[in-house]
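Sequence plus predicted model, see below.
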Amino acid sequence: QVQLVESGGGLVQPGGSLRLSCAASGSIFSIANMGWYRQAPGKQRELVATITRGGTTNYADSVKGRFTVSRDNVKRMVYLQMISLKPEDTAVYYCNAEVAPSGNSGFYNYWGRGTQVTISS
């Protein structure tokens, strides 16, 4: 069984910073793309940032220059460093990973349970 567990959310003032972490665990053979999505109240879940196993990144236009996604393939971790946070960044942030479980062929999409990020003064 594969699990993704996020940590690092919280309440921050506008202009502040946060670092989210996500740990993948379980019977994992390989992890391809990893990334972060977010969902604000009343809105659809949207892509924030993704990173390939080789380190190629992709960002939503709304976070470019403020957020940085990174990963540690050995530790099976993905991170999201967020700076210059704005109230509109308030959302539940979800970790996502494309995982090939041990003993299975192919990659499957997994999600964490999410971590709340609130930007407010």
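All right, it came through fine.

show me where the protein has strands.
Along the chain, counting by DSSP state E, strands occupy 2-7, 10-12, 18-26, 28-39, 46-51, 57-59, 67-72, 77-82, 91-101, 108-111, 115-119.

Pull the residues that contact the longest one.
Applying C-beta atoms under 8 Å, 6 or more residues apart in numbering, the contact partners of strand 28-39 are 2, 20, 22, 24, 45-53, 58, 69, 71, 73, 76, 78, 80, 89, 91-104, 107, 114, 117. Backbone N, C-alpha and C define where each C-beta goes, glycine included.

Just the buried positions in stretch 96-112, please.
Neighbour-count burial for stretch 96-112, counted by 16 or more other C-beta atoms under 10 Å, picks out 96-101, 107, 110, 112.

could you dump stretch 23-35 to PDB, C-alpha only?
This file holds the C-alpha atoms of stretch 23-35, laid out as PDB (Å, rounded to 0.1, in the frame of the first residue of the first chain):
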ATOM      1  CA  ALA A  23       6.600  11.800   2.300                       C
ATOM      2  CA  ALA A  24       5.800   8.800   0.200                       C
ATOM      3  CA  SER A  25       5.900   5.400   1.900                       C
ATOM      4  CA  GLY A  26       4.800   1.800   1.400                       C
ATOM      5  CA  SER A  27       5.600  -0.800  -1.100                       C
ATOM      6  CA  ILE A  28       7.100   1.400  -3.800                       C
ATOM      7  CA  PHE A  29       9.100   0.300  -6.800                       C
ATOM      8  CA  SER A  30       9.500   3.700  -8.400                       C
ATOM      9  CA  ILE A  31       8.100   7.200  -8.400                       C
ATOM     10  CA  ALA A  32       7.800   9.300 -11.600                       C
ATOM     11  CA  ASN A  33       6.300  12.800 -11.400                       C
ATOM     12  CA  MET A  34       5.500  14.400  -8.000                       C
ATOM     13  CA  GLY A  35       3.800  17.600  -7.300                       C
END
